[in-house]
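Chemist: generate a structure from the sequence data that follows.
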Amino acid sequence: MVQISAPIDISVVELRSSHMTNSQRAWISIAKDPVGLNYGVHDGYDDELSNYYEYDSKVGNHKQVSVGDLLVIRGAEFVLGFGQIESISITKGTKSLRKCPNCNGRPESRKTAVIEWRCFGCKKEFTTEQLRVEVVEVSKYRATYSRTWRDANHPMTINEVFSFQANNDTQSAIRKLDPVKLPLLISVLMGTIVSPDKLNTQLPDLIIGGYSITVAKRRRGQQEFRLALLKAIGSDCLISGPNPECVLEAAHIRSFAEHESHELNGGLLLRRDFHSLFDRRLIRVNPKKWTVEASPAIRKYETYNAIHLREIQPPEKNPPNEQWLMDHYNAAESVFA
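Modeler: Numbering: from 1, shown residues only. I've put the predicted structure just below:
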């Protein structure tokens, strides 16, 4: 294995303003969506998106990506976050490529169609059993950025981020970003209001402190779930109302460990402390009265005593599932008692 690394001191992980000039290179990369982003031609990559991004020598621009570049990661609908590449490892491996059995062209997967596959080239339709699979040798790359990764605070859609690309590339999994527009892109993703004349000098401060070495495995799709709720509801905590996007989290009404699904009507946007208390059933929502209840154990704190029996307004768009809220309400009874 070949390892390409930058000498980064973990105690001083930063992008200095001198780096954030028009020569700063940045890329936007497509991650495999946990709920089924269609790769069609292959099976995607083994990404732990807050730590590293994987690609191979069949991907366009793979030779251009370098240590020190900024890597912005997008999912099926939203930009998920970004980090500065600290190291790139290279190993040998193989890759299975799906091909049209008629012309060897690129196939497209259509999950809802009667015949799932169709060739982009000759337009012939065929089943999974009829697919031609070719195994080829490739170089596999892993770009690591765990110490500078930042989750996006603002839900920027994939259509919105297209205008920040350096060209009109719509095919490559790794696409070059316009370095002139990069400071504005990062500012928008972080939900930070920065005056145009200070974008380059303030950008390093948005990235400093962004490293988070993940010990527990992150829930797959959690960041995209949060951004989808922000897009649908806005930056309103169900309990405390309008808040900065960076303090709002996506809470699952039903235990994710048991159901492993991200449904919009199964999620609540909550301020970070309320999310923690909701998960521990120390606060609950009565969907019949649409009021918040705080357990006796936390009502000794003024902040949480103030929300006890507070009337709340569920969002008009994608309101939470009332039955699931009632299940959570009843399950919290033992904690309240």
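Chemist: the helices in the stretch 201-337 of the chain, which residues?
Modeler: Listed in chain order, the helices of the stretch 201-337 of the chain (DSSP state H, counting those that start in this stretch) span 222-233, 256-259, 272-279, 302-305, 322-331, 333-336.
Chemist: out of those helices, which gets the lowest mean score?
Modeler: Of all those, mean pLDDT reaches its minimum on helix 256-259 (a mean of 63).
Chemist: about what we covered before: just send the helices of the stretch 201-337 of the chain back as JSON lines, with mean neighbour count and distance to residue 117 too.
Modeler: Where C-beta positions appear, they are placed from N, C-alpha and C, glycine not excepted. Converted to JSON lines, the helices of the stretch 201-337 of the chain look like this (neighbours: other CB atoms under 10 Å; distance: least, CB to CB, whole Å):
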{"stretch": "helix 222-233", "mean neighbour count": "21", "distance to residue 117": "26"}
{"stretch": "helix 256-259", "mean neighbour count": "12", "distance to residue 117": "30"}
{"stretch": "helix 272-279", "mean neighbour count": "19", "distance to residue 117": "41"}
{"stretch": "helix 302-305", "mean neighbour count": "12", "distance to residue 117": "54"}
{"stretch": "helix 322-331", "mean neighbour count": "16", "distance to residue 117": "36"}
{"stretch": "helix 333-336", "mean neighbour count": "12", "distance to residue 117": "51"}
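Chemist: report how many residues lie close to the residue nearest to residue 56 when sequence neighbours are not counted.
Modeler: Leaving aside its chain neighbours, residue 56 sits nearest to residue 138 (4.3 Å; criterion: CB to CB, 6 or more residues apart in numbering). A total of 18 residues lie near residue 138 under the criterion other CB atoms under 10 Å.
Chemist: what is the helix or strand containing residue 138 packed up against?
Modeler: In the assignment (DSSP states H and E), residue 138 maps to strand 132-144. If contacts are counted by 3 or more CB pairs under 8 Å, 6 or more residues apart in numbering; DSSP states H and E, strand 132-144 sits against strand 52-56, strand 87-99.
Chemist: return the most buried member of those strands.
Modeler: strand 52-56 (a mean of 22; mean count of other CB atoms under 10 Å).
Chemist: partner strands of the next helix or strand after it, with direction?
Modeler: Past strand 52-56, heading to the C-terminal end, the next element that is a helix or strand (DSSP H and E) is strand 70-74. Next to strand 70-74 in the sheet, as set by DSSP bridges, lie strand 26-30 (parallel), strand 79-84 (antiparallel).
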